[in-house]
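Asks: Using only what follows, build the 3D model:
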Amino acid sequence: MTLALVTFVGACTAAAYALNQSGGRNAVSGYVRVIDGDSLMVGGMEVRLYGMDAPELAHRCARDGRDYACGKEAARYLAGLIAGQQVTCERRDIDRYGRVVAVCRAEKTDIGQAMVAAGQAVGYGDYQREEASERFDRRGLWAGDLLRQSDRRVSERSRF
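Replies: Presented below is the predicted three-dimensional model:
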């Protein structure tokens with residue numbers, strides 16, 4: 001318990017330091033490395049995109065009766081969306097893992113909103129309208145069978 005608390009405090013301190021290095025604003029910017037469909041490394045800091053949840057990298061989905069790597073597809077889509085552009089992220093929160101949760105933009109494009117609008121992520125909060133449109137049109141993740149990440153995690157826990 002104590003080690004977990006120390007790790008959490010350390011992660012929060014590192015995130016706060018990185019944000020303070022960005023001129024005292026709650027923003028960080030730079031070129032990024034895509035970790036998965038909803039996480040980026042920006043200026044040496046892990047950032048979780050606000051308002052959406054993409055499949056984990058190893059997550060698999062079904063479409064047209066065939067299994068496919070929807071987690072990798074979401075990560076590839078995110079990488080293409082950013083495509084070597086500088087990204088600016090504005091902090092909204094810190095998650096339970098000590099990651100900064102932020103709205104990130106490549107030029108004027110809200111990256112999280114664009115991921116949901118393309119059907120590559122589940123939207124919540126500000127992005128629910130985009131998700132509803134993609135669900136209705138059965139595009140991206142909604143073209144096949146998707147088990148929400150939170151539902152999948154609950155299902156996995158109930159097996160043990």
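
Asks: mind checking the SS state of Arg129?
Replies: Put simply, Arg129 is helix when judged by DSSP: H, G, I helix; E, B strand; the rest coil.

Asks: Mind pulling up the pLDDT for it?
Replies: As predicted, Arg129 sits at a pLDDT of 73.

Asks: ok, and the closest non-adjacent residue to it?
Replies: Once flanking residues are discounted, Arg129 sits nearest to Gly123: 7.9 Å by C-beta to C-beta, 6 or more residues apart in numbering. For glycine as for every other residue, the C-beta is placed from the backbone atoms N, C-alpha and C.

Asks: burial count for that neighbour?
Replies: 23 (other C-beta atoms under 10 Å).

Asks: who's it bridged to?
Replies: Applying DSSP bridges to Gly123 yields these beta-bridge partners: Met52.

Asks: Quick one: residues contacting it.
Replies: Gly51, Met52, Gln113, Val116, Arg129, Glu130, Glu131 (C-beta atoms under 8 Å, 6 or more residues apart in numbering).

Asks: how about those in a markdown table, adding distance to Ala106?
Replies: As requested, the contacts of Gly123 are arranged in a markdown table below (distance: C-beta to C-beta, whole Å):
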| residue | distance to Ala106 |
| --- | --- |
| Gly51 | 16 |
| Met52 | 15 |
| Gln113 | 11 |
| Val116 | 15 |
| Arg129 | 21 |
| Glu130 | 17 |
| Glu131 | 20 |
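
Asks: Report the two of those residues separated the most.
Replies: Met52 and Arg129 (12.5 Å; C-beta to C-beta).

Asks: The two: who's more crowded?
Replies: Neighbour count, other C-beta under 10 Å: between Met52 and Arg129, Met52 has more, with 26 against 11.

Asks: in terms of contact, does that one touch Tyr127 like I think?
Replies: Yes. Met52 lies in contact with Tyr127 (C-beta atoms under 8 Å); the separation is 5.7 Å.
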